[in-house]
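S.K.: Predicted model, plus sequence, below.
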Amino acid sequence: MNFSDTLIRILSPEIPLKDRERKHKVFLNILVVYIALLVLLFVGLRYYFEGYLQSALVLLTGFVIILVNRIIISPVKKFETSSVVLLTVLGLIFLYCFYAYAVMPNAWLWLLIYPVVTLTLQGIKKGLFFSIVLPVLFLPGILLPDVFPWVNNNGFFISSILVGYSSLTLLIYLYNYTRNAETQAYKEQIGNALHEAQEKNEFISRLSHQLRTSLNNILLVNNLVNSSSLDNSQKDLIDTLQASTNNLVDAVNKIVDVSQTDMMQLKETNISFELESTIANTIKLFRNQETIDIEYNVSELLVNYLIGDPILLKQIFLNLLQSIIQQAGGNALRLMINASPLNDDRHDIQILFSIETCFLTKRNGKINGKPDENCAESPASFSMPELPNTARLIEFSGGNLVTDKKDSKTRFTFTLRYKKDLSRRIDQPVDKLSITEIQKVDLSNSNVLLVEDNLINQKIVLLSLKNIVRNVDVALNGKEALDRFGTAKYDIILMDIQMPVMDGIIATKKIREIESSTNTQTPIIAITANALSGDREKCLAVGMNDYISKPFQVDVLIGKMKRLLEEEN
């Protein structure tokens, strides 16, 4: 982190990062406030002790007004109001310095910083207005020397001030004008680049979807035919066909490896949600990993539901946890998640999230140790993971990901801002042992809902499962799935992603919203031809329990269904 970033974090840690241009303006506003407060206090007290009570009163009054403005009017939320008050007070103080030349002969030099501040904080139009108004107010003192005897009416002095002030105003104006033009050009170039990247990703996604759907059908038909009675010659031909199909699958995987998650395609959802439940249900996805122990603590000061996007928050945690666990390389690891308020007012709250790693000893492949035991040194295989996609997700949400290492622990922190749902309070702490429960049932006795718009895919999956489960119902899209979900009880749902009318992501969100008032959850497995970077995380983040990409082996799907239905959750 460079000096500028450090200074920004010290002076204004609450500034969001989503709008970088606004962030820098807010920072400059706060920086000018602190400098003005320091100078006004120092010079005001100096004039007071030297006996210039009127000048001291003016400067200290300006100090008080600017301080109250900083406390009451947040520049983060009400930047325009805060900066107008600041510039007005500074302008009046500089005007006083001009008229009180006899008492403050050198204070006129302060005037030269005014156009710099106004044009920087208010932009070209409003900043130019403030910059022009101030010297216009000099005119009475220049034209009426008898009324204002304290003003220095020396022609050379007045012309020097006006020429210097005008030149500096013009210079800053032209600088901001050319910078704005360049910024706009850069924005257009970035927009074009993002558009091209999005078109590329969409093409790869469509191509991958088409190839995977066809390959999946070939692979599943191969399995069905292979299980029937074949002579050696026929079996050899089927084995050759299956081997060729597997080679095509590898080729498709290499194609999609070049694609990256596009943050511009994320769909923000703003709903009322309970933070602790969101974190707890995300952690449940890692429950079956014996070498990983994840604990969490949500501050008791968080007493309201939040309004925001819990799906995006779950995806951030999924990305972070999976990356950390992969880097751990099978070593026993305890992760501690904390969430606490950083800045809290009546309507908004900024929350500090952190994940702390602690490596432990293990016996028989399981974690052995207590939460308060000393952490061991990180293994040589563990390095600080690079998390570009996660960092982009957090920045998209208005935060900033920071990674640091202290002693034997690695800590990941970020802050996010949410609206408070003042109509909903958290009456009871969430039961950490039973946030949502999946009812156990034998796979052979399960009632399955298959959500799939492709008729060939439907037929093949039905043929593959007909002797495995009790019943399979079919829905052609997400809307039909919701209708069936509301009228029948299903033990598990197999959900395609790309479908007409309503896709699988939206359908899953709505199913989880319906279940939010209960303590039960229907397991959902995404069966999709999407296999681009981030697709698995998106599916898990919206509440799906598992993910399988086409083409897949039937025994892999059956294994996932069996684990969700029959094993301890």
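M.R.: All right, it came through fine. Just so it is clear, the structure is predicted and the values come from calculations on it, not from any experiment.
S.K.: Next, count neighbours for Q350.
M.R.: For Q350, the neighbour count with other Cβ atoms under 10 Å is 19. The way it works is simple: take the backbone N, C-alpha and C, and place the C-beta from them, glycine included.
S.K.: I figured it was touching N343, is that so?
M.R.: Yes. Applying Cβ atoms under 8 Å as the test, Q350 and N343 come out as touching, 4.2 Å apart.
S.K.: Show me where this structure has its strands.
M.R.: 271-273, 292-298, 304-308, 333-344, 348-359, 362-363, 366-367, 402-406, 409-425, 447-451, 471-475, 492-495, 524-528, 546-549 (DSSP state E).
S.K.: residues in contact with T278?
M.R.: Counting by Cβ atoms under 8 Å, 6 or more residues apart in numbering, T278 makes contact with 310, 313-314.
S.K.: any idea how far G308 is from it?
M.R.: 10 Å (Cβ to Cβ, to the nearest Å).
S.K.: now do K78
M.R.: From K78 over to G308 the distance is 21 Å, taken as Cβ to Cβ.
S.K.: In a markdown table, list the contacts of T278 along with pLDDT and distance to K440.
M.R.: Formatted as a markdown table, the contacts of T278 follow (pLDDT from 0 to 100; distance: Cβ to Cβ, whole Å):
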| residue | pLDDT | distance to K440 |
| --- | --- | --- |
| P310 | 80 | 26 |
| L313 | 84 | 29 |
| K314 | 82 | 24 |
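S.K.: want to throw these into TSV with distance to L128 and neighbour count?
M.R.: Output for the contacts of T278, formatted as TSV (distance: Cβ to Cβ, whole Å; neighbours: other Cβ atoms under 10 Å):
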residue	distance to L128	neighbour count
P310	45	26
L313	43	25
K314	47	21
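S.K.: With distance to D546 as extra columns, can I get those in CSV?
M.R.: Below are these laid out as CSV (distance: Cβ to Cβ, whole Å):
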residue, distance to D546
P310, 19
L313, 20
K314, 15
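S.K.: ok, R425 touching L302?
M.R.: No. Here R425 does not reach L302: they are 10.3 Å apart, not a contact under Cβ under 8 Å.
S.K.: of these two, who's got more company?
M.R.: Under the neighbour definition other Cβ under 10 Å, R425 and L302 were set side by side, and L302 has more, 20 against 10.
S.K.: Need phi/psi at the more buried one.
M.R.: Per-residue torsions, L302: phi -80, psi 90 (degrees, to the nearest 10).
S.K.: hey, which helix or strand in this protein has the poorest pLDDT?
M.R.: strand 362-363 (a mean of 54; mean pLDDT, DSSP states H and E).
S.K.: Please name the nearest non-neighbouring residue to P145.
M.R.: N153 (4.9 Å; Cβ to Cβ, 6 or more residues apart in numbering).
S.K.: Roughly how far does the one you found sit from G164?
M.R.: Separation of N153 from G164 (Cβ to Cβ): 17 Å.
S.K.: Domains in this protein, by residue range?
M.R.: Following automatic domain parsing, one gets these domains for the chain: 3-153, 198-263, 269-425, 443-566.
S.K.: The third one: how far from the chain's middle?
M.R.: The gap between the average C-alpha position of domain 269-425 and the chain average comes to 13 Å, counting by Cα atoms, centre = their mean, to the nearest Å.
S.K.: since we're on D344, how many residues are nearby?
M.R.: Residues near D344, counting by other Cβ under 10 Å, number 13.
S.K.: ok, it - contacts?
M.R.: So D344 contacts 301, 350 (Cβ under 8 Å, 6+ apart).
S.K.: likewise the one 3 residues further on?
M.R.: Neighbouring residues of H347 by Cβ under 8 Å, 6+ apart: 419-420, 422.
S.K.: make it 10 Å
M.R.: Residues in contact with H347 (Cβ atoms under 10 Å, 6 or more residues apart in numbering) are 77, 307, 419-420, 422.
S.K.: Kindly report the same for P523.
M.R.: Residues in contact with P523, defined by Cβ under 10 Å, 6+ apart, are 438-439, 446, 490-494, 544-546, 560-561, 563-565, 569.
S.K.: And L168, by the same measure?
M.R.: So L168 contacts 111-116, 119, 131 (Cβ under 10 Å, 6+ apart).
S.K.: Roughly how far does the residue nearest to P145 sit from A102?
M.R.: Per Cβ to Cβ, N153 is found 12 Å from A102.
S.K.: the more surrounded of the two?
M.R.: N153 (14 against 10).
S.K.: ranges for the helices of the stretch 101-250 of the chain?
M.R.: Counting by DSSP state H, counting those that start in this stretch, the stretch 101-250 of the chain has these helices, from start to end: 114-136, 139-143, 155-226, 232-256.
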